[in-house]
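Enquirer: Coordinates for the following, if possible.
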Amino acid sequence: MQKPNERLKNQTAIVTGSSTGIGASVALALGRDGANVVVNYNSSEKEAQEVADQINADDTCGEAIIFQCDVSKEDDVKAMFKKTIEKFGTVDILVANSGLQKDAALHEMTLKDWQLVIDVNLTGQFLCAREAIKEFMRRGMREGVSKSLGKIIHMSSVHQIVPWAGHANYAASKGAINMLMESICQEYAPLKVRCNSIAPGFIKTDINKDAWDSENATDKLFKLIPYKRLGVPEDVGSTAAWLASDESEYINGTTLFVDGGMTCYPGFTTNG
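Expert: Numbers count the residues shown, from 1 in each chain. Predicted structure coming up:
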């Protein structure tokens, strides 16, 4: 883990889908900056415990616990927030990171696979954001802890603006996340709630290893990335920690693209 600081000291964060990949790096980054962290998982208990153990092993970090929750289930989400409040007193930060893909050509996509992706990627973010806002409003401002009533960070994707053939359910869910985030900002910013999104581009994880684990594959990806470097989960984790801190206190209702310039459409460098 990187050198710690105390930007998030005495604050508590829930990070959904944080047993592996991007979510794990977000959880570690928030813990490094002093936050207590609820490491949420759906099925990967062992990996979630490993993330929590890394945080708890460093006495400069906050405290971490794990909690199993299917974010698409209302009762599960309510139980996760209830446990967090019982353990740590409140919730200051929500990072709604859980997401999945079920890919198919649109004419072959089943309703089941469409609905699963929407349920997890979009409805899950709504359910978690709703419970977070309820808790922010219940407890009120925490003077001396944060300048904001609470912070919500939605994990989106470059595909909230970049169409993706063969992945219509995923892209649609991410496009909707952007409007959900902006609507939350518009409604709750007057209460000093901050709601933003992070939109990663290509980030190296074990799940997409086939797409980057060779020189030929990397060369193909570089055609999409002007910066000519593949992203790593830590790129997103450090962004989330900063966005959760008072250093970004006047940023609200926006999406930060962590993509090496992918959304600059490098295919048009030579006029397309």
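
Enquirer: which residues touch the nearest residue to Val120 once chain neighbours are set aside?
Expert: Leaving aside its chain neighbours, Val120 sits nearest to Ser72 (4.9 Å; criterion: Cβ to Cβ, 6 or more residues apart in numbering). Yep, even glycine has a C-beta here, placed from its N, CA and C like the rest. Ser72 is in contact with Asp119, Val120, Thr123, Gly124, Leu127, counting by Cβ atoms under 8 Å, 6 or more residues apart in numbering.

Enquirer: Go again with 6 Å.
Expert: Asp119, Val120, Thr123, Gly124 (Cβ atoms under 6 Å, 6 or more residues apart in numbering).

Enquirer: Just the helices from this structure, written as ranges.
Expert: With DSSP state H, the ranges of helices along the chain come out as 21-32, 45-56, 74-88, 111-118, 124-139, 168-188, 215-222, 233-244.

Enquirer: For these, give me CSV that also has mean pLDDT and distance to Glu6.
Expert: Shown next, in CSV, are these (pLDDT from 0 to 100; distance: least, Cβ to Cβ, whole Å):
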stretch, mean pLDDT, distance to Glu6
helix 21-32, 98, 10
helix 45-56, 97, 15
helix 74-88, 98, 17
helix 111-118, 98, 38
helix 124-139, 98, 21
helix 168-188, 98, 27
helix 215-222, 82, 37
helix 233-244, 98, 12
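
Enquirer: right, so of those helices, which gets closest to Ile207?
Expert: Minimum separation from Ile207 across these (Cβ to Cβ) falls at helix 21-32, 6.5 Å.

Enquirer: Output the closest one as PDB - backbone C-alpha positions only.
Expert: Coordinates of each C-alpha in helix 21-32 appear next as PDB, following Å, rounded to 0.1, in the frame of the first residue of the first chain:
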ATOM      1  CA  GLY A  21     -10.200  -5.600  -9.100                       C
ATOM      2  CA  ILE A  22     -11.200  -2.000  -9.200                       C
ATOM      3  CA  GLY A  23     -13.400  -2.200  -6.100                       C
ATOM      4  CA  ALA A  24     -10.600  -3.800  -4.000                       C
ATOM      5  CA  SER A  25      -8.200  -0.900  -5.000                       C
ATOM      6  CA  VAL A  26     -10.800   1.600  -4.100                       C
ATOM      7  CA  ALA A  27     -11.300   0.000  -0.700                       C
ATOM      8  CA  LEU A  28      -7.600  -0.100   0.000                       C
ATOM      9  CA  ALA A  29      -7.100   3.500  -1.100                       C
ATOM     10  CA  LEU A  30      -9.900   4.700   1.200                       C
ATOM     11  CA  GLY A  31      -8.500   2.700   4.100                       C
ATOM     12  CA  ARG A  32      -5.100   4.100   3.500                       C
END
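
Enquirer: and which of the contacts of Ser72 is nearest to Ala241?
Expert: Using Cβ to Cβ, Gly124 is the member of the contacts of Ser72 that lies nearest Ala241, at 22.0 Å.

Enquirer: what number of residues lie near the closest one?
Expert: 27 (other Cβ atoms under 10 Å).

Enquirer: ok so, going back, what's the most buried one of the helices of the chain?
Expert: helix 21-32 (a mean of 28; mean count of other Cβ atoms under 10 Å).

Enquirer: So which elements touch that helix?
Expert: The contact analysis (3 or more Cβ pairs under 6 Å, 6 or more residues apart in numbering; DSSP states H and E) places helix 21-32 against strand 12-15, strand 36-41, helix 45-56, helix 233-244.
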